[in-house]
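**Q** Mind looking at a prediction? Sequence and model below.
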Amino acid sequence: MHATFDRAPLDPSLVDWDRVDVGTYVVHQRFRYDYPTRILDLQHQLVVISPPSFGDQTRLLYSVEVSEPGEVITRIDSFSNTVLDVRIPVVEQVIVFDAWVTLERHGPVLPRSLPSKWLHEVRLLQETTRTAADAAIKQAAVDLLASGATGLALAELACHWVYETMTYTPGATGVFTTAAAALAERRGVCQDYSHLMITICRAMGLPALYVSGHLLGEGGTHSWVEVLLPAADGSGQAEGWSLDPTHNRHADLTYLTVAVGRDYGDVAPTSGSYRAGHGGMLEAHKDVRVVDVAYVTDNGEHHAG
């Protein structure tokens with residue numbers, strides 16, 4: 001794993017992503033918590049490891065290192081996310097979590113195939129605390145529906161509306177900010193853009209998922225939206241279309257999925273509790289690299305980039 005990460009990365013801006021057949025990526029995330037004195041009974045949750053497969057994305061390898069002795073249990077949640085539950089009896093002052101993942105994605109980018117039941121999944125249609133529609137959001141949904149667009153075209157309109165309405169402003173919001181509050185201020189970060197688009201989609205009857213992941217070339221964890229629609233082939237199955245309202249585009253091979261859920265609360269990368277009379281300080285670091293690409297040539301053959 002670490003040897004793979006030591007390979008020289010490719011410059012994403014020099015890759016012809018439209019012609020990529022296979023891309024290989026390595027992700028390293030580090031979370032360091034510092035406490036003024038000893039803490040007890042740390043119960044921590046990490047959602048930083050991509051699932052074994054997600055559409056055209058495949059997890060090849062992963063490892064997790066915890067600096068203090070304890071128990072690490074891996075489980076799969078109801079959205080098929082990989083969740084790590086960490087139990088540490090005592091942390092003197094510092095604990096560090098290191099997560100390494102090697103992934104592959106295969107082009108061309110197509111919608112994710114899903115069972116038809118996801119089209120009627122209540123959790124993807126009902127409101128959460130962060131995605132409750134107020135009058136302004138309901139009016140936006142009405143206006144978008146009045147366009148006459150349906151399906152993917154309607155989802156794309158919602159994506160564009162959020163992009164045009166919001167102003168990207170780091171620090172203006174927090175992890176508990178609701179879609180309604182972000183819209184009232186008309187500013188926020190990718191999390192707010194995603195929550196707002198999800199809220200509008202659900203208000204229009206389109207089931208939608210919050211996606212947590214990485215975007216090549218961006219520093220922090222990114223988020224976008226997967227809208228579930230009936231498959232175009234008439235099979236009755238579902239298709240998941242990934243749209244990024246922060247950048248007003250479809251997600252391509254530069255996007256790497258970590259987890260999906262109803263909203264940010266389902267996929268927070270790091271969270272937990274402990275016993276102590278004081279708080280701690282978190283320092284997070286992330287490095288995402290594309291380490292190899294294979295192109296499809298005009299005659300259908302493959303060659304490495």
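**A** In hand now; what should we look at? Residues are numbered from 1 along each chain as shown.

**Q** Beyond the helix or strand harbouring residue 100, next helix or strand please.
**A** For residue 100, the element it lies in under DSSP states H and E is strand 94-106. Downstream of strand 94-106, the next assigned helix or strand under DSSP H and E is strand 112-114.

**Q** if we can go back for a sec, which strands border the strand holding residue 100, and is each parallel or antiparallel?
**A** Here strand 94-106 has these sheet partners by DSSP bridges: strand 20-34 (antiparallel), strand 57-66 (antiparallel).

**Q** Centre of the chain to that strand, how far?
**A** A distance of 14 Å separates the centroid of the chain from that of strand 94-106, by CA atoms, centre = their mean, to the nearest Å.

**Q** which parts of that strand are buried?
**A** Going by neighbour count (16 or more other CB atoms under 10 Å), the buried part of strand 94-106 is 95, 97, 98, 99, 100, 101, 102, 103, 104, 105, 106. (Glycine included, C-beta is placed from N, CA and C.)

**Q** Wait, the fifth one touches residue 25, no?
**A** No - look at residue 100 against residue 25 with CB atoms under 8 Å: they stay out of range, at 11.5 Å.

**Q** Residue 239: what secondary structure?
**A** Recorded secondary structure, residue 239: strand (DSSP: H, G, I helix; E, B strand; the rest coil).

**Q** That one: what's it in contact with?
**A** 111, 112, 113, 114, 228, 229, 230, 231, 232 (CB atoms under 8 Å, 6 or more residues apart in numbering).

**Q** Can you tell me how far it is from residue 223?
**A** 20 Å (CB to CB, to the nearest Å).

**Q** do residue 141 as well
**A** 21 Å.

**Q** Of those two, which one has the most company?
**A** residue 223 (25 against 22; other CB atoms under 10 Å).

**Q** Now name the helix or strand holding that one.
**A** Using DSSP H and E, residue 223 maps to strand 222-230.

**Q** Could you pull out the buried residues of that strand?
**A** Within strand 222-230, judged by 16+ other CB under 10 Å, the buried ones are 222, 223, 224, 225, 226, 227, 228, 229.

**Q** per-domain residue ranges of the chain.
**A** 2-107+268-304, 112-251 (automatic domain parsing).

**Q** Can you give me the end-to-end span of the last one?
**A** Put plainly, it is domain 112-251. This stretch, domain 112-251, spans 12 Å end to end (CA to CA, to the nearest Å).

**Q** chain center to that domain, what's the gap?
**A** In terms of CA atoms, centre = their mean, the gap separating the centre of domain 112-251 from the centre of its chain is 12 Å.

**Q** average pLDDT across it?
**A** Per-residue pLDDT values over domain 112-251 give a mean of 96.

**Q** cool, stretch 38-58 as well?
**A** In the prediction, stretch 38-58 has an average pLDDT of 97.

**Q** Can you point out the buried residues in it?
**A** The neighbour-count check on stretch 38-58 (16+ other CB under 10 Å) flags 39, 42, 44-51, 54-58 as buried.

**Q** Could you do stretch 278-288 as well?
**A** 280, 286, 288.

**Q** Next: stretch 257-274.
**A** Residues 257-264, 266-270, 274 are the ones in stretch 257-274 that count as buried (16+ other CB under 10 Å).

**Q** distance of the closest residue to residue 163 other than its chain neighbours from residue 126?
**A** Of all residues not flanking residue 163 in the chain, residue 248 sits nearest, at 3.7 Å (CB to CB, 6 or more residues apart in numbering). Relative to residue 126, residue 248 is positioned 26 Å away (CB to CB).

**Q** quick one, strands of the stretch 151-300 of the chain?
**A** For the stretch 151-300 of the chain, the strands defined by DSSP state E, counting those that start in this stretch occupy 167-168, 187-188, 208-215, 222-230, 238-244, 249-250, 255-261, 270-275, 281-296.

**Q** Could you dump those strands into TSV with distance to residue 150 added?
**A** TSV is the format used below for the strands of the stretch 151-300 of the chain (distance: least, CB to CB, whole Å):
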stretch	distance to residue 150
strand 167-168	29
strand 187-188	28
strand 208-215	15
strand 222-230	9
strand 238-244	13
strand 249-250	18
strand 255-261	24
strand 270-275	38
strand 281-296	33
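
**Q** on that earlier part again, would you check which pair of the buried residues of stretch 38-58 lies furthest apart?
**A** Spatial extent of the buried residues of stretch 38-58 (CB to CB) is set by the pair 39 and 56 at 41.5 Å.

**Q** Specify the local secondary structure of the nearest residue to residue 127 once chain neighbours are set aside.
**A** Nearest residue to residue 127, sequence neighbours excluded (CB to CB, 6+ apart): residue 133, at 6.5 Å. Following three-state DSSP, residue 133 is assigned to coil.
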